[in-house]
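Peer 1: below: sequence and its predicted model.
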Amino acid sequence: MEPQRKEGGRLYVPQQLSEIQDFLICTMAAAPYFNEVTFYGYHRSIDNQFASIELGLAAVADKVGEERYRTVLADADEAKSLFLADPDDTNGKTAEGCDKLMAIYDILEEVRGERYHAGILDFEGLLTGD
C-alpha cells in the first residue's frame with residue numbers, strides 16, 4: 001500500500017515498533033474525532049489514521065511474525081469499526097476501540113521485549129527492541 005497524499009501533505013507512516021506504539025497513543029488521544037491538521041500537512045481523518053497504522057504494521061510484519069501480524073491487523077480493523085460506531089464518544093464504543101489499540105500496543109511491546117532479550121540491534125545499531 002503506497003502512502004497516500006492528502007490535501008498536499010504526505011501521510012505519516014511509522015516505520016519502527018516504538019514509532020507505531022507512539023502513533024497508537026496519539027490515535028487514542030484523538031479518537032473518535034480525528035479532525036485536526038497534522039504536522040505533516042494532511043487533515044487527520046479516521047481513514048488516514050488507520051491507513052498509517054496498517055502501513056506501519058506492514059513495515060514491521062517480519063519482526064512481529066505472521067500470527068501476531070494477523071492479530072494486530074484484525075484488532076486495528078475492529079478498533080476502526082468501534083470508533084465509527086461512536087462518532088460522538090457517547091456510547092462506550094470509543095473506549096472499546098482504545099482497548100483494541102492498547103492490545104496492539106501490548107503485542108508490539110512483547111515483540112520489543114523479545115528482540116531486546118535476544119540482543120537484536122535496531123536500525124541504528126542500538127539495543128532498543130526496535
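Peer 2: Here it is on my side, so go on.

Peer 1: what are the ranges of the helices in the protein?
Peer 2: 17-30, 46-59, 61-64, 66-84, 93-117 (DSSP state H).

Peer 1: list the contacts of the first one.
Peer 2: Translated: helix 17-30. The contact list for helix 17-30 (CB atoms under 8 Å, 6 or more residues apart in numbering) reads 12, 14, 36, 44, 49, 52-53, 56-57, 60, 63, 98, 101-102, 104-105, 108-109, 111-112, 115, 128-130. Where C-beta positions appear, they are placed from N, C-alpha and C, glycine not excepted.

Peer 1: how far out from the middle of the chain is that helix?
Peer 2: Remark: helix 17-30 is offset 6 Å from the chain centroid, using CA atoms, centre = their mean, to the nearest Å.

Peer 1: please name the nearest non-neighbouring residue to Lys80.
Peer 2: Spatial nearest neighbour of Lys80, excluding adjacent residues (CB to CB, 6 or more residues apart in numbering): Phe50 at 4.8 Å.

Peer 1: ok, Ala79 next?
Peer 2: Lys100 is the one closest to Ala79 (CB to CB, 6+ apart), at 3.8 Å.
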